[in-house]
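>>> Here you go, sequence then predicted model.
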Amino acid sequence: MRLVLFKAGDGGVALPGILTDRGVVDISEAVEPSYTPQHTMEGIIDVFEELRPTLEGLAETGDAIPLDEVGLLPPLPRPGKILACIGNYWEHQQREPRELNMFLKSPDAVIGPGDTITLPEFTEPWIFMHEAELAIVIRGPAKKVSREDWRSAVFGYTCLIDVSAREEGRRTWKARSWLGKSFDTFAPLGPCIATADEIPDPNDLHVRFWNDGQLRHNYNTDDMEHRVPELIEFLTTFMTLNTGDVIACGTNHEGLGALQDDEVVEVEIEKIGRMSLKVSDPLKRVWERGVYMGADSTNPEAVKRNRPRDK
């Protein structure tokens, strides 16, 4: 099942729905409303197994609004926490796995399908880059979850673009701190939450990202250094993960490029979906077009193929 938040018509309120092949089915009458869209979605996650028979029936027979007649919103507009991996992909390098590490990305950076990534009017960071990532949606509370029991903490999955302000090479602005990751609009999330039963193996998903039609990211989540079960165990050792929290699994940096004014970008993850966003830069800065070979792209051929799984 693919859950969404949407608005029907101009000025409408945010409503929970199911994204189907027929369009979006409004499920607001079947769920308990809350005082914010985020809390409404968290409430659905918490009692999803009780709701499932009703929601499955609505998905099959409920009235569907054509997708071009609704505006999709980020399915989690303000997660309590966004925890993001630093690195976490092999990127064709034969070496020992790096130490697992993470940072917090501001929930206020979240935007959704059709929104605009706005580059800040700030002159110190010299380039802004995209990082297309698989994101895990938590069902909590989850604390001290073993990697063998990781599925108990996972409700589903979505797409996240970890927009990053960078200095020379692979250094994130302000010595790799969360500040260069947390400007407003720097966490596009969506287009839906695919429930965990839709994705038997989160470490076998094809991730792609286009910039004005140019394929840049093109990789498989099988390439993670630290896989989803380990991420769950690691984080719940340190803290309680609550319903609606999000874990961004990191990206394969091969294929990175700059984001700049008036571009249209698209991210797609197999079994989850695809969303498009615009880019705006009030300062109209210009960087080298395409894959940024001088910094993060150690193998530009990575944008042309999907890494095969080990057998």
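Cool, the structure landed. Residues are numbered from 1 along each chain as shown.

>>> Return the residues in contact with Gly62.
18, 25-27 (C-beta atoms under 8 Å, 6 or more residues apart in numbering). Bear in mind the C-beta positions are built from the backbone N, C-alpha and C, glycine included.

>>> Let me know the pLDDT of Phe234.
For Phe234, the model assigns a pLDDT of 97.

>>> hmm, I was thinking of Arg305
55.

>>> Kindly report the same for the one 3 residues further on.
Reported pLDDT at Pro308 in the predicted model: 49.

>>> Kindly report the same for Ala165.
88.

>>> that older thread, will you turn the contacts of Gly62 into CSV that also has secondary structure?
Converted to CSV, those look like this (DSSP: H, G, I helix; E, B strand; the rest coil):
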residue, secondary structure
Ile18, strand
Val25, strand
Asp26, strand
Ile27, coil
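
>>> Between these, which sits nearest Ile232?
Ile18 (25.9 Å; C-beta to C-beta).

>>> Pull the number of nearby residues for that closest one.
Ile18: 23 surrounding residues under other C-beta atoms under 10 Å.

>>> Roughly how far does it sit from Leu58?
With distances taken as C-beta to C-beta, to the nearest Å, Ile18 is found 6 Å from Leu58.

>>> Show me whatever sits in contact with both of those two.
By C-beta under 8 Å, 6+ apart, Ile18 and Leu58 have these common neighbours: 25, 27.

>>> Can you tell me which of the contacts of Gly62 is nearest Pro113?
So of these, ranked by how close each gets to Pro113 (C-beta to C-beta), first place is Ile18, at 15.7 Å.

>>> got a list of what that closest one touches?
1-4, 24-25, 27, 55, 58-59, 62.

>>> which one of the residues you listed is nearest Asn218?
So of these, ranked by how close each gets to Asn218 (C-beta to C-beta), first place is Arg2, at 22.7 Å.

>>> got the contact list for that closest one?
18-20, 192-195, 198, 272-273.

>>> Repeat the analysis, applying 6 Å as the threshold.
Contacts for Arg2 (C-beta atoms under 6 Å, 6 or more residues apart in numbering) come out as 19, 192, 194.

>>> Same list, those, but as a markdown table with secondary structure, pLDDT and neighbour count please.
Output for the contacts of Arg2, formatted as a markdown table (DSSP: H, G, I helix; E, B strand; the rest coil; pLDDT from 0 to 100; neighbours: other C-beta atoms under 10 Å):
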| residue | secondary structure | pLDDT | neighbour count |
| --- | --- | --- | --- |
| Leu19 | strand | 98 | 24 |
| Cys192 | strand | 98 | 26 |
| Ala194 | strand | 98 | 26 |
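
>>> Nice, that's everything, thank you.
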